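[1] Build me a structure from this.
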Amino acid sequence: MSDLDRNYASPFGRAAGRADAAAVDAGLRAYMLRIYNYMSIGLAITGLAALGVYMAAVTTDPSAGAAKFGNAFLTPFGYAMYVSPLKWLFIFAPLAMVFAISAGINRLRPATAQMLFWLFAALMGISLSSIFLVYTHTSIVRVFFITAATFGALSLYGYTTKRDMTGMGSFLFMGLIGIIIASLVNLFLASSMLQFIVSVVGVLVFAGLTAWDTQRLKNDYIYGYASQGGEVAERAAITGALSLYLNFINLFTLLLQLLGQRD
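    This is a model prediction of the structure:
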């Protein structure tokens with residue numbers, strides 16, 4: 001699970017001076033659209049990378065040195081990706097990458113930050129490509145559209161609600177830590193019941209984070225970036241896209257564990 005470092009506090013505390021309300025509103029729409037565009041491109045890169053690695057890793061020809069893996073035959077490339085110790089590199093590479101982006105974002109040029117985000121999305125796709133070996137392709141597509149509809153509804157709620165969701169951040173963060181700890185424990189216990197509980201709680205936590213992050217991003221622009229703009233706002237849009245991207249990916253993988261049909 002890609003449960004990664006997050007920024008839970010808005011860096012701004014006051015409204016953006018006397019900025020014209022109409023200009024702020026137009027800027028906010030453009031800012032949020034940029035965030036969603038970055039997130040969508042990231043998801044597309046992830047999907048293409050996952051599918052490409054899977055297609056190169058699996059063969060229908062059991063000859064030519066193919067290795068049996070469940071119901072599939074792996075090419076030498078597939079064996080290296082899913083069986084050999086090399087798999088751990090691609091499992092943990094996205095985690096290291098997101099920490100690197102988070103730590104250096106304020107020193108990066110926006111174009112560099114974009115490229116790192118695309119690279120992270122590709123690594124995430126490589127890491128997730130094994131789901132095609134575990135779940136039926138039909139159920140993967142179905143769960144993806146369920147995730148997209150759920151994410152869209154939650155993000156729209158976070159954007160439009162008048163309710164202040166700031167106080168939810170600490171609670172959701174504690175839930176996220178609990179999920180990480182339980183997931184690590186279950187690596188040793190291999191309990192299907194604990195995995196089910198983690199998946200259910202995880203869906204609730206990332207559903208809340210989707211709405212909370214959307215409102216946070218909206219408020220950060222209104223109370224700060226509207227008066228700053230430039231590279232600061234562009235870097236903020238990339239990190240905002242990263243936050244929403246991670247929420248989507250985690251919702252998808254957790255819902256897949258709950259609703260996916262195993263191959």
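[2] pull the helix or strand with minimum mean pLDDT from this protein.
    The weakest-scoring helix or strand in the chain, judged by mean pLDDT, DSSP states H and E, is strand 67-69 (a mean of 70).
[3] Where does the prediction get shaky in this structure?
    1-20, 63-66, 226-229 (pLDDT under 70).
[4] which residues of it fall in strands?
    Per DSSP state E, the chain carries strands over the ranges 58-59, 67-69, 72-74.
[5] Compile these into TSV and extend it with columns for mean neighbour count and distance to residue 198.
    To be clear about C-beta, it is placed using only N, CA and C from the backbone, and glycine gets the same treatment. Conversion of the strands of the chain to TSV gives the following (neighbours: other CB atoms under 10 Å; distance: least, CB to CB, whole Å):
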stretch	mean neighbour count	distance to residue 198
strand 58-59	19	28
strand 67-69	13	25
strand 72-74	20	27
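[6] can you put those strands in CSV and add distance to residue 225?
    Shown next, in CSV, are these (distance: least, CB to CB, whole Å):
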stretch, distance to residue 225
strand 58-59, 45
strand 67-69, 48
strand 72-74, 47
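[7] who wins for proximity to residue 235 among these?
    Of all those, it is strand 58-59 that lies closest to residue 235, at 38.9 Å by CB to CB.
[8] And the contacts of that closest one?
    Among residues not part of strand 58-59, those counted as contacts by CB atoms under 8 Å, 6 or more residues apart in numbering are 66, 72, 73, 74, 75, 78, 132, 133.
[9] again, only this time at 10 Å
    Contact partners of strand 58-59, identified using CB atoms under 10 Å, 6 or more residues apart in numbering, comprise 65-67, 69, 72-78, 82, 129, 132-133.
[10] Closest to residue 99 out of the residues you listed?
    Nearest to residue 99 among those, with distances taken as CB to CB, is residue 129, at 21.9 Å.
[11] pretty sure that closest one is in contact with residue 91, am I right?
    No. With contact defined as CB atoms under 10 Å, residue 129 does not reach residue 91; the gap is 11.2 Å.
[12] ok, those two, which is more surrounded?
    The neighbour comparison of residue 129 against residue 91 (other CB atoms under 10 Å) goes to residue 129, with 25 against 14.
[13] For stretch 33-50, what is the distance to the chain centroid?
    Put simply, stretch 33-50 sits 10 Å off its chain's centre (CA atoms, centre = their mean, to the nearest Å).
[14] Great, nothing more from me.
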